[in-house]
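In: This is a predicted model, with the sequence first.
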Amino acid sequence: LSKGEIGDFATLGSWISILSVVVTLNLANSVPLARYDYKKNFDGFISSITLFSISCTFLFSTIVFVFRNYISTFVGLPVYALYIVMIYLIVSPGMEILQAKLRIEMQYKPTVIMTFISFCTSLLLALLLVVSLEDGFFARSIGHYLPIIIIDFLISVSLIIRGKELSIEYCKYALVISLPLVIHHLSSNIMHSSDRIMIQKFCDSESVALYSVAYSGALIVNLIRNSMESAWDPWVFEMMNKERGFEIKRYSYPYITLFSLLCIGLVSVAPEALMLMGGNSYREAMYVIPPVVLAYYCSMIYSLYGGLERYHKKQKIFPFIGGTCALINVALNYVVIPTFGYIAAAYTTLISCFLEMLLHYLYSRKKGYSKVYSTPFNLLCIVLMAIICLIMMSLYSLLVIRYALIVIIIILLLIIALKNKQTVIKYMSRFSR
């Protein structure tokens, strides 16, 4: 694929990411609380919100189809790309709702299996089509999204058949919980997706490709974060329901520490990771990775407080915080991208995520929720992460010194782990359960 085709594919993904939040109404967010409020007919609830969400996406897709030529010109993508977007949006609610259901029920193996199958089939078909067809963007788009569409369709049908219900009561309940979070998740997607759209407008598709490949490297951290949160959040809800907040604080220390180490590891080898992903021609984009990793780190910290807010059904604050941060992000991008280029977008994302984290913390402290976590420990981790990112960035051109520092850090961590062997084993056994 050329850099232009990679950039166009990244832009397509950005539009899908943004639209999927709004059009589906993000009803999957109501699933964790519904498990406690509708225990006796949980399948009926799942079926109802799946049907309702699909109905909303179908209506939106019909409107897009009518005005497809105008929309195609506006977004700068071919009409067939819009067809992919429409079909994907219609069938996608099932997967999101099922994953939310499995997470709150702490059934992680099915989620891992579905994700693995979807990833492998998409990757293999995309590779086959890219080699076989001349139009790289078409091949990559069809290859990536077709398997996902088929899997999502089958899941949606199975959820509807299992529940066999469409309840207005359930739909209203889901809307009350999810609508405030729609703006929040839309804002989050704008912060992490609008930069590519704006880079394409102010720069070119090649700049989008450079930024997107580097961003994809940093995205590994977010994937790990989502996996960890899928286990952490249901457990936190369970502990809060049992009034055992002290357990949450106790296990938050190794939880945050583990994520910190993963972030440090990726930032330390960012140049080499980028070489593997895109080759030497993408090397200049390596300075995108540290600020984006740090942005995702701030998002992880804020999600700790956000989870407590959702448990107490205080999600109405999410639109204000998310919307404010998204507007600041877009405004900063509008100012800095034309002047400083695509790398500046990574720092606007970091600023927005830091502000989002700060506002959620302040709100949680005001409501008395923040005491569940250790504020001094969280602050110390953020400061250390920022310092380490700066140090590693300054050493990217000094390979020997950087790897010597990495070896020293690993040795120190091993010594600490061995000296606290029993504590490490205890925490690991708890998380494995």
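Out: Done, it's in. Numbering: from 1, shown residues only.
In: Tell me which residues touch the residue nearest the centre of the chain, please.
Out: Central residue of the chain (Cα atoms, centre = their mean): residue 222, 5.6 Å from the mean position. For residue 222, the contact set (Cβ atoms under 8 Å, 6 or more residues apart in numbering) comprises 296, 299. Backbone N, C-alpha and C define where each C-beta goes, glycine included.
In: buried set for the helix or strand encompassing it?
Out: In the assignment (DSSP states H and E), residue 222 maps to helix 205-241. For helix 205-241, the buried set under the neighbour-count rule, 16 or more other Cβ atoms under 10 Å, comprises 205-222, 224-225, 228-230, 232-237, 239-240.
In: can you give me how far that helix is from the chain middle?
Out: From the chain centre to the centre of helix 205-241 is a distance of 4 Å (Cα atoms, centre = their mean, to the nearest Å).
In: What mean pLDDT does it get?
Out: Across helix 205-241, the average pLDDT comes to 82.
In: Is residue 359 in contact with residue 322, as I believe?
Out: No: with contact defined as Cβ atoms under 8 Å, residue 359 does not reach residue 322; the gap is 9.3 Å.
In: between those two, which one's more packed in?
Out: residue 322 (27 against 18; other Cβ atoms under 10 Å).
In: circling back: ok, now how distant is the residue nearest to the centre of the chain from residue 407?
Out: To residue 407, residue 222 is 27 Å away according to Cβ to Cβ, to the nearest Å.
In: Also residue 215?
Out: Going from residue 215 to residue 407 by Cβ to Cβ gives 28 Å.
In: distance between the strand or helix carrying residue 295 and the chain's centre?
Out: Taking DSSP H and E as the definition, residue 295 sits inside helix 289-311. How far helix 289-311 lies from its chain's middle: 10 Å, per Cα atoms, centre = their mean.
In: I figured residue 163 hits residue 38, correct?
Out: No: using Cβ under 8 Å, residue 163 is not in contact with residue 38, being 11.1 Å away.
In: which residues are in contact with both of those two?
Out: Joint contacts of residue 163 and residue 38 (Cβ under 8 Å, 6+ apart) are 44-45.
In: lowest-confidence helix or strand of this structure?
Out: helix 421-432 (a mean of 61; mean pLDDT, DSSP states H and E).
In: Centre of the chain to stretch 116-132, how far?
Out: Centre to centre, stretch against its chain (Cα atoms, centre = their mean), the figure for stretch 116-132 is 22 Å.
In: for stretch 304-322, same thing?
Out: That offset, for stretch 304-322, works out to 17 Å (Cα atoms, centre = their mean).
In: Quick check: residue 278 vs residue 212, distance?
Out: Distance, residue 278 to residue 212, using Cβ to Cβ: 9 Å.
In: Give the buried residues for stretch 174-194.
Out: Neighbour-count burial for stretch 174-194 [16+ other Cβ under 10 Å]: 174-175, 177-194.
In: Where does residue 77 sit, in terms of helix or strand?
Out: Secondary structure (DSSP H and E) places residue 77 outside all helices and strands.
In: Now do the contacts for it.
Out: Residue 77 touches 8, 11-12, 15, counting by Cβ under 8 Å, 6+ apart.
In: Kindly report the same for residue 216.
Out: Counting by Cβ under 8 Å, 6+ apart, the residues that residue 216 touches are residue 277.
In: Please enumerate the strands of the stretch 1-150 of the chain.
Out: Secondary structure of the stretch 1-150 of the chain by DSSP state E, counting those that start in this stretch: no strands are present.
In: Please enumerate the helices of it.
Out: Per DSSP state H, counting those that start in this stretch, the stretch 1-150 of the chain carries helices over the ranges 3-23, 31-37, 42-66, 68-75, 79-91, 93-104, 108-132, 136-163.
In: OK, contacts around the closest residue to residue 106 other than its chain neighbours?
Out: With sequence-adjacent residues excluded and distances taken as Cβ to Cβ, 6 or more residues apart in numbering, residue 106 is closest to residue 234, at 5.5 Å. The contact partners of residue 234, taken as Cβ under 8 Å, 6+ apart, are 32, 103-106.
In: burial count for residue 254?
Out: Neighbour count of residue 254, defined by other Cβ under 10 Å: 16.
In: any idea how far residue 409 is from residue 416?
Out: For residue 416, the distance to residue 409 (Cβ to Cβ) stands at 11 Å.
In: And residue 246, by the same measure?
Out: From residue 246 to residue 409 the distance is 31 Å (Cβ to Cβ).
In: who has more neighbours, those two?
Out: Between residue 246 and residue 409, residue 409 has the larger neighbour count (other Cβ under 10 Å), namely 15 against 10.
In: I'd assumed residue 267 was in contact with the more buried one.
Out: No: counting by Cβ under 8 Å, residue 409 sits too far from residue 267 to count as a contact (11.5 Å).
In: Between those two, which contacts overlap?
Out: By Cβ under 8 Å, 6+ apart, no residue touches both residue 409 and residue 267.
In: ok, residue 299 touching residue 352?
Out: No: counting by Cβ under 8 Å, residue 299 stays clear of residue 352, with 9.9 Å between them.
In: And the two? Which one has more around it.
Out: Under the criterion of other Cβ under 10 Å, the comparison of residue 299 against residue 352 puts residue 352 first, with 29 against 24.
In: Now do the contacts for the more buried one.
Out: With contact taken as Cβ under 8 Å, 6+ apart, residue 352 is in contact with 191, 295, 325-326, 328-329, 332.
In: And for residue 93?
Out: Counted by Cβ under 8 Å, 6+ apart, residue 93 has contacts 24, 27-28, 49-50, 53-54, 57, 156.
In: Leaving out sequence neighbours, find the closest residue to it.
Out: residue 53 (3.7 Å).
In: How many neighbouring residues does that neighbour have?
Out: Per other Cβ under 10 Å, the neighbour tally for residue 53 reads 27.
In: Was I right to think it contacts residue 97?
Out: Yes: between residue 53 and residue 97 there is a contact under Cβ under 8 Å: 7.3 Å.
In: All set, thanks.
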